[in-house]
Every structure is written in structure tokens, then in C-alpha cells.
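In: A predicted structure for the sequence below; I have some questions about it.
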Amino acid sequence: MKLSTAAILGFIGGASAFAPASPSAQSIAVRMSEEAVEAVEAPAEVPLLEVKEKVPCFGATPLLGEPVFVGENYWDKLTMEYGSEATGTFLQAAELKHGRSAMVATVGFMFHKFGWTLDNISPHEYLSVTQGVKFADLAAMTPLDAMKSVPAEGLTQMFAAIALVEIFELTHKEGKLAEDERVAPGLQAGGLTGDLGWNPLKIKVTDRRRLVEIQNGRAAMFAICAWVAHDSVAGSVPLPLLWS
């Protein structure tokens, strides 16, 4: 049985009625414009700023009964903006070590000025027999000239003694050798604190004693700088010294 052309066309037309209608170009354009408007109107997500906590600094100078933190702005920049709390620990350790070195330097400088030198204490006459350097020769000089006259071997011994102390702090933690650490404690963040863990007299370390050590170290740093300037440049220190 043959279908006529009119019947075939009618069948195709009826089937197309059930097919989904394709969106027109105008509706697509309207939808795209609405999405663009929503994208423009939606506020961009602003990342939250990381707020760092203020790093405390031990050792504020008490003036008139109130502690005064000199250089607090620079401390905040170094520990909050440029570094971290570990940076502050390193800076405090550096100040502590410089203060200790300055205290030793002031004692040696003062002993030399007052004549309490090794030529009056040591049973040996020579500092270096091979170099012909006598303790009496050094005592007749200024402290700076005496230091310059120490042979290279003597300066090497001083450097080696200081290096041993530094290596001890680098490799020890709480006074014990850190054998199970892959990285030396002193090379870790905040590892250098200035505390060697060496307390043979079992002295109780209080905050007051820590503060006294820091303040004496600060005073010694000022003192040794003034004394060296006084001996090096005439008239650089207008104040009279005890041995002048």
C-alpha cells in the first residue's frame, strides 16, 4: 500500500511538534547580557589580611618605675613585617651575647688601666717565648696597642675558644647533645637563645636576674665603645675617666 505525498508530509509535521524548540538568537543574547550584568554587579572576593600577633620583647628598661621599650617600632617591623617570633628570639640572643662579650672586654680593659696585669700575677715572664713578647711589655702599652701586639697564635686561641662555645650552643639543646636531631638545634628557627644550659652552681634563673644581665650588657657595650674611642681619638670623650 502506497502512502501519498500529502500523508508523508502530514506525518513529518506531526512528529516535529513533539521535538524541543531551539532557543532563538534573541533569547540567547538576552540571557548572555543578564549573566554579564550579574558578573559585573557581584563584588570581587577580597582576601583577608593576615593579622600577626605582637611579639613580646623581654628587657624593657625601667625608667622612673615604668618599663620603657626603646625602639619598639623597629622591633615590631623586624618581628611582624620582615620576620617572625623566631627572628625576635635571634635578636635577643644576639643582644645577650654582645652584652656578655662587652662585659668581659670592660673588665679586661679596666684591669689593664689599673695595672692589674699578668706581669704582676703570672709566674711566667713571657706571653710568647718564640715571639719574644713579655707580659711586662704589654702592660706598658695601652690596651689597644697590647691587643695588637698579641701574636697570631694567641689570637687564634681566642677565636678557637669562642668558636667552641658557639658550636656547643649550635649542637646542644637544654644542655644535652641533640643526637636525634636531623638539623642542629642552633640552625632551626628560634634555636639560638643565648642559653647554653650550663649552670653548675644551680642558680635559680629569675626574670629579675635575666633583666640585670641584659642591662649590665647594654651598659658595658656603651662603656667599651667610649673607652676605646677615648684611647684612640684624643678629646673624643669629654668626661674624665677614673684612670685619666
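Out: On my side now, so go ahead. Numbers count the residues shown, from 1 in each chain.
In: Please give me every residue in contact with Val70.
Out: Thr61 (C-beta atoms under 8 Å, 6 or more residues apart in numbering). In short, each C-beta sits where N, CA and C put it, glycine included.
In: pLDDT score for it?
Out: pLDDT recorded at Val70 is 82.
In: do the one 4 residues further on as well
Out: The model reports Tyr74 with a pLDDT of 89.
In: quick one: buried residues of the helix or strand containing it?
Out: Element membership for Tyr74 (DSSP states H and E) is helix 72-76. Within helix 72-76, the residues scored as buried using 16 or more other C-beta atoms under 10 Å are Trp75, Asp76.
In: next SSE after it?
Out: Next helix or strand after helix 72-76 toward the C-terminus (DSSP H and E): helix 85-113.
In: Show the subsequent helix or strand relative to that next one.
Out: Assigned by DSSP H and E, the successor of helix 85-113 is strand 126-128.
In: just checking, what packs against that next one?
Out: Counting contacts by 3 or more C-beta pairs under 8 Å, 6 or more residues apart in numbering; DSSP states H and E, strand 126-128 is packed against strand 133-134, helix 135-139, helix 152-171.
In: for Gly235, helix, strand, or coil?
Out: The local conformation at Gly235, judged by DSSP: H, G, I helix; E, B strand; the rest coil, is coil.
In: Count the residues that sit near it.
Out: By other C-beta atoms under 10 Å, 7 other residues sit near Gly235.
In: Roughly how far does it sit from Ala229?
Out: Look at Gly235 and Ala229: by C-beta to C-beta, to the nearest Å, they are 10 Å apart.
In: Then Glu95?
Out: 21 Å.
In: Neighbour count for the two, which is higher?
Out: For Glu95 versus Ala229, neighbours defined as other C-beta under 10 Å are more numerous around Glu95 (17 against 12).
In: Touching, that one and Arg210? I think so.
Out: No. Counting by C-beta atoms under 8 Å, Glu95 stays clear of Arg210, with 11.9 Å between them.
In: Please identify every residue contacting each of those two.
Out: Between them, Glu95 and Arg210 share these contacting residues under C-beta under 8 Å, 6+ apart: Gly59.
In: what's around Ser84, how many residues?
Out: Per other C-beta under 10 Å, the neighbour tally for Ser84 reads 14.
In: State the distance from it to Leu64.
Out: Distance, Ser84 to Leu64, by C-beta to C-beta: 33 Å.
In: low pLDDT regions in this protein?
Out: The model of the chain has pLDDT under 70 over residues 1-51, 244.
In: 80 - rerun?
Out: By pLDDT under 80, the weakly predicted segments of the chain are 1-52, 61-67, 174-175, 239, 242-244.
In: quick revisit: just the CA trace of the helix holding Tyr74, in PDB.
Out: Taking Å, rounded to 0.1, in the frame of the first residue of the first chain, the C-alpha atoms of helix 72-76 are listed here in PDB:
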ATOM      1  CA  GLU A  72      59.600  49.300  69.900                       C
ATOM      2  CA  ASN A  73      58.600  50.400  66.300                       C
ATOM      3  CA  TYR A  74      61.700  48.800  64.900                       C
ATOM      4  CA  TRP A  75      61.100  45.700  66.900                       C
ATOM      5  CA  ASP A  76      57.600  45.300  65.600                       C
END
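In: neighbouring contacts of that helix?
Out: Contacts for helix 72-76 (C-beta under 8 Å, 6+ apart): Lys54, Val55, Cys57, Phe69, Gly88, Leu91.
In: Can you tell me the SS state at the first one?
Out: It stands for Lys54. What three-state DSSP gives for Lys54 is coil.
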